[in-house]
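Chemist: need a 3D model of the sequence below.
(chains A and B)
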Amino acid sequence: MRSATAGPHPEDVAGGFPAQPLEHLDALWIQVAGTLCNIACTHCFVTSGPGETRHPLMTRDEVRRRVAEGVALGVREFYFTGGEPFMHPEMLEILADTLPHGPATVLTNGLLLTDARVDGLTRLARASRYSLEVRVSLDGADAAAHEAFRGTGTFDRTLDAVRRLERAGLLPIVTVTRTLEEEPLLVRERYVALLREAGIARPRLKILPLFRLGREAARTRGYAEAESLRDLPASSFDPARLQCGSCRAVTARGVYVCPLLVDEPGGRMADRLADALAPYPLTHGACFTCYVTGMSCGNG
Amino acid sequence: MAERLKLAVFGGVYSNHLALDRVLADARARGADSIWCLGDLGGFGPTPDRAIERLRAEAVPTLRGNYDDSIGHGLDDCACGYGDPSDQRFAQIAYDYTLARTAAPHRAWLRGLPERHAFEAGGRRGLLCHGSPRRVNEFLWESACSDAYLEWLCETAGADVVVCSHTGLHWHRALPSGRHVINAGAIGRPANDGRTEVWYATITFAREVGVEFHPVAYDHEALAREMEREALPREFVETIRTGWWTTCLENLPARERLAGRF
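Modeler: Residues are numbered from 1 along each chain as shown, chains lettered A, B, ... in the order given. As a prediction, this is how the structure comes out:
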């Protein structure tokens, strides 16, 4: 049997699904706000929303312990997500605790970014020798498209947050979703034009596919049986293609294989990070999306 | 094992044969015991055979970067690892141009280059690589790599001093354990600092490890004109003339991106 660090080649497991070894823990995802969010997006793959505490808030101490576990394993960078991270009353303090240990990214819908919080983020970024990235989600190139996912009145407020972050010198990354049918370069050009028109001088963009999980499965449909990696031979894999070869996610409920599968059967791997380093069988429809698109939730 | 060794190291030639000439001369003038090239000979600049011919004529030991691997094997793209579609588009323009103009004997030479070089000097184990010790096209940006991660990379590679390139931006970190990670930068395009010079490193292995980065001026205007004659994208030419990156920059972390103009 191959050990988790011996090599990145996926292996076959029972049931015909390949398993992806963890090459190394590059990215530690911390679902700091659990599933608590100020809005309830119709495509949310972790079904977050107001009062939704299936995964509760993590305490500041709990995050500190997870960061220390990651550092012991040589983690490269940290990502903070939810739900909405700024639902956490100590989010800025948690970032201040984390940044001395490595680069950090916080994923937000931007709606809770008061001027005071933007100032706090700016101070943290300036004081850190590592990058602090702020990623703001935008789901349509006009108000109607965006608000169909995120609710009335969210479009202008999101753009306003991006504008204020840029003016504060943070160069936020705008995260957008696309369907598999859309040409990535056209998606990019559409959003860059929108952001420039909105007064954002140096737009940065991250394009992600939609995942048929959580509310998105109800909005459109879940994964079909054919959308699966079953019976794919190990030899046909690019071993660096799947982010679960280089990440794990933690919530208040334990360690999960990746930030997408925190509600899926078998997504939870262990209580401690050091016990969650084994190869992961790629049995989920979401694994199919990651494989086909080669996507990573990370910034690159 | 050498008691004292002064290495000159550069990467990312990107077909900039005029800068290459000046860097080789500068490194020799500084008394380097040996000069190493960390790969990515093509891309971005004009007439790729010129830089390769110079490196081969001077017998500069050279590693195989992702670009060299792709050109050597005639792959479909440069395998630089860009995720952004706009970066990918510009990278493909440079790659198609370079692949079509690299002579077959040079492609065979690129295929045969080693991917890394391990050595001992000054009582330390050194490792030269292109992207990182574990992956030829890994981007090691200064602000995006924790100390813990760099320690792990060195530990896994069995090296006290790791020297890499690939990102095009030079930096050095002395780690808490006493190990060092050095990104030698690139000599093919400026370092996104508004200066037209390009940068390389000298590393002295003795009782201490000494790292210096050197800006090198060259006839960048002549290169810009050559790029225009070759009908390379005006965005590339602008970078040569201004020192600011205009393309292939979407994967820069916030700190490095803020340091540039675009």
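Chemist: show me where the chain has helices.
Modeler: If you meant another chain, say so; for now it's chain A. A:60-72, A:91-98, A:115-127, A:143-150, A:154-167, A:184-197, A:214-219, A:285-293 (DSSP state H).
Chemist: I was thinking of chain B, sorry if that wasn't clear
Modeler: According to DSSP H, the helices that chain B contains are B:17-29, B:48-57, B:66-73, B:85-101, B:104-111, B:147-157, B:220-229, B:234-242, B:254-259.
Chemist: among those helices, which is the most enclosed?
Modeler: Counting by mean count of other CB atoms under 10 Å in any protein chain shown, helix B:66-73 has the highest mean neighbour count of those, with a mean of 24. C-beta here means a position set from N, CA and C on the backbone, and glycine is covered the same way.
Chemist: now do that helix against helix B:104-111, angle only.
Modeler: Here the directions of helix B:66-73 and helix B:104-111 differ by 130 degrees (axes from the mean of the first three to the mean of the last three CA atoms, to 10 degrees).
Chemist: for chain A, which residues are neighbours of chain B?
Modeler: Neighbours of chain B within chain A, by CB under 8 Å from any CB of the partner chain: A:23-24, A:26, A:70-77, A:101-103, A:125, A:129-133, A:169-171, A:184-185, A:187-188, A:202, A:204-205, A:207, A:240, A:296, A:299-300.
Chemist: out of the helices of chain B, which comes closest to chain A?
Modeler: Nearest to chain A, of all the helices of chain B, is helix B:147-157, at 2.9 Å by CB to the nearest CB.
Chemist: can you spell out which helices and strands pack onto that closest one?
Modeler: When contacts are defined as 3 or more CB pairs under 8 Å, 6 or more residues apart in numbering or on different chains; DSSP states H and E, helix B:147-157 packs onto helix A:60-72, strand B:161-164, strand B:180-183.
Chemist: export these to JSON lines and tack on mean neighbour count and mean pLDDT?
Modeler: Shown next, in JSON lines, are those (neighbours: other CB atoms under 10 Å in any protein chain shown; pLDDT from 0 to 100):
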{"stretch": "helix A:60-72", "mean neighbour count": "18", "mean pLDDT": "98"}
{"stretch": "strand B:161-164", "mean neighbour count": "25", "mean pLDDT": "98"}
{"stretch": "strand B:180-183", "mean neighbour count": "26", "mean pLDDT": "98"}
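Chemist: can you list the helices of chain B in CSV and add mean pLDDT and distance to residue B:8?
Modeler: Below are the helices of chain B laid out as CSV (pLDDT from 0 to 100; distance: least, CB to CB, whole Å):
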stretch, mean pLDDT, distance to residue B:8
helix B:17-29, 98, 4
helix B:48-57, 98, 13
helix B:66-73, 98, 19
helix B:85-101, 97, 25
helix B:104-111, 98, 21
helix B:147-157, 98, 22
helix B:220-229, 98, 21
helix B:234-242, 98, 23
helix B:254-259, 97, 24
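Chemist: could those helices go into TSV alongside distance to residue A:148?
Modeler: Compiled in TSV, these are given as follows (distance: least, CB to CB, whole Å):
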stretch	distance to residue A:148
helix B:17-29	52
helix B:48-57	49
helix B:66-73	41
helix B:85-101	24
helix B:104-111	51
helix B:147-157	40
helix B:220-229	46
helix B:234-242	36
helix B:254-259	30
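Chemist: select, out of these, the one closest to residue A:247.
Modeler: Distance to residue A:247, taken as CB to CB, is lowest for helix B:147-157 among those, at 13.0 Å.
Chemist: then that closest one to CSV, C-alphas only?
Modeler: Provided in CSV are the C-alpha atoms of helix B:147-157 (Å, rounded to 0.1, in the frame of the first residue of the first chain):
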residue,chain,number,x,y,z
ASP,B,147,7.8,29.5,6.7
ALA,B,148,6.3,26.1,7.6
TYR,B,149,5.8,25.2,4.0
LEU,B,150,9.2,26.3,2.9
GLU,B,151,10.8,24.3,5.8
TRP,B,152,8.8,21.3,4.6
LEU,B,153,10.0,21.7,1.0
CYS,B,154,13.6,21.9,2.1
GLU,B,155,13.2,18.9,4.5
THR,B,156,11.5,16.8,1.9
ALA,B,157,14.1,17.7,-0.7
